[in-house]
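**Student:** My questions are about this predicted structure, shown below with the sequence.
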Amino acid sequence: MNDNRVSVFASFKPKPGAEKQVEEIIRRMVAPTRQEPGCITYDLYRAQTGSSYHLFEVYRDQAAVEAHRATDHYKSYRSKIPDFLAEPIGVTVLNGVDARR
């Protein structure tokens with residue numbers, strides 16, 4: 001089976017006191033991203049310890065990732081969130097080794 005899915009793990013470390021703003025900005029991404037035709041998974045997590053947030057995203061293929069990055073909600077989030085982060089967004093693109101599909 002040729003699986004072209006693209007999985008992305010993104011991590012966000014808010015500046016001290018900016019946790020609420022970071023969560024609000026990312027939460028505004030969830031519903032519209034899940035409605036994108038190429039989005040399979042878009043789940044937001046918060047670490048049990050500390051204040052970091054993490055997105056686990058799965059897209060149908062690379063074209064779906066590019067379509068996501070071209071949306072107004074993505075561009076808006078990318079323009080707002082850096083002001084509230086202690087460090088750049090950590091993005092890791094993953095290839096499935098033994099992943100449930």
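**Tutor:** Alright, I've got the coordinates.
**Student:** ok, now which ones touch the most centrally placed residue in the chain?
**Tutor:** With distances taken as CA atoms, centre = their mean, Leu55 lies nearest the centre of the chain, 4.2 Å away. Contacts for Leu55 (CB atoms under 8 Å, 6 or more residues apart in numbering) come out as 8-10, 12, 26, 42-45. C-beta coordinates here come from the backbone N, C-alpha and C atoms, glycine included.
**Student:** Ala64 is in what secondary structure piece?
**Tutor:** Using DSSP states H and E, Ala64 maps to helix 62-69.
**Student:** May I see the buried residues of the next helix or strand after that helix?
**Tutor:** Going down the chain from helix 62-69, the next helix or strand is helix 72-80, by DSSP H and E. Neighbour counts over helix 72-80 (16 or more other CB atoms under 10 Å) mark 73-74, 77 as buried.
**Student:** now the strands for the chain?
**Tutor:** Taking DSSP state E as the test, the strands found in the chain are 6-12, 39-46, 53-59, 90-94.
**Student:** Now do the second one: everything it contacts.
**Tutor:** Counting by CB under 8 Å, 6+ apart, the neighbours of strand 39-46 from elsewhere in the structure are 5, 23, 26-27, 29-30, 33-34, 52-60, 64, 68.
**Student:** Quick one: buried ones out of those?
**Tutor:** 5, 23, 26, 29, 33, 52-53, 55, 57-60, 64, 68.
**Student:** now, which of those sits nearest Ala86?
**Tutor:** Ser52 (9.5 Å; CB to CB).
**Student:** how about that closest one, what does it touch?
**Tutor:** 11-14, 46.
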